[in-house]
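*Asks:* could you look at this predicted model? Sequence included:
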Amino acid sequence: MDDKSQHILFAHSGGEQGSAGQGSFDLVSYLREKLSNKHEISYPIIEDPKAPTYEMWKILFCREFNKTKNR
């Protein structure tokens, strides 16, 4: 990703993730296909997407936001 790229952090829906027909997978695949290569979509999946907690999301977002600081 270059300096002019846009970084998108996608927070997925609840339930199973990671393959076609599950959770937000199809929507993220569609967005990646339709958006230009100037957009990078991060689609991190929490530890237990079937039973998410505030703490799981907090940890995930902190980790992802720290990654963007280093870009």
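*Replies:* Looks like it came in fine.

*Asks:* contacting residues for the residue nearest the centre of the chain?
*Replies:* Compute the mean C-alpha point of the chain, and by CA atoms, centre = their mean the closest residue is residue 43, 1.9 Å away. For residue 43, the contact set (CB atoms under 8 Å, 6 or more residues apart in numbering) comprises 10, 12, 24, 28. Quick note: C-beta positions are derived from backbone N, CA and C, even for glycine.

*Asks:* give me the buried subset of the residues you listed.
*Replies:* Taking 16 or more other CB atoms under 10 Å as the criterion, what is buried in the contacts of residue 43 is 12, 24, 28.

*Asks:* can you give me every residue that contacts the first one?
*Replies:* Applying CB under 8 Å, 6+ apart to residue 12 gives the contacts 23, 24, 28, 43, 45, 46, 49.

*Asks:* now with 7 Å?
*Replies:* Listed by CB atoms under 7 Å, 6 or more residues apart in numbering, the contact partners of residue 12 are 23, 24, 43, 45, 49.

*Asks:* any regions of this protein where pLDDT drops low?
*Replies:* Where the chain drops to pLDDT under 70, the residues are 1-3, 70-71.

*Asks:* that one: helices as residue ranges?
*Replies:* Counting by DSSP state H, the chain has helices at residues 25-34, 54-69.

*Asks:* give the buried residues for the last one.
*Replies:* Of the residues in helix 54-69, those with enough neighbours to count as buried (16+ other CB under 10 Å) are residue 60.

*Asks:* repeat that for the first one.
*Replies:* Along helix 25-34, the positions that meet the burial threshold by neighbour count (16+ other CB under 10 Å) are 25, 28.

*Asks:* would you mind pulling the contact partners of it?
*Replies:* 10, 17, 18, 19, 20, 41, 43.

*Asks:* make CSV out of those residues and add distance to residue 54.
*Replies:* Formatted as CSV, the contacts of helix 25-34 follow (distance: CB to CB, whole Å):
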residue, distance to residue 54
10, 18
17, 18
18, 22
19, 26
20, 29
41, 24
43, 20
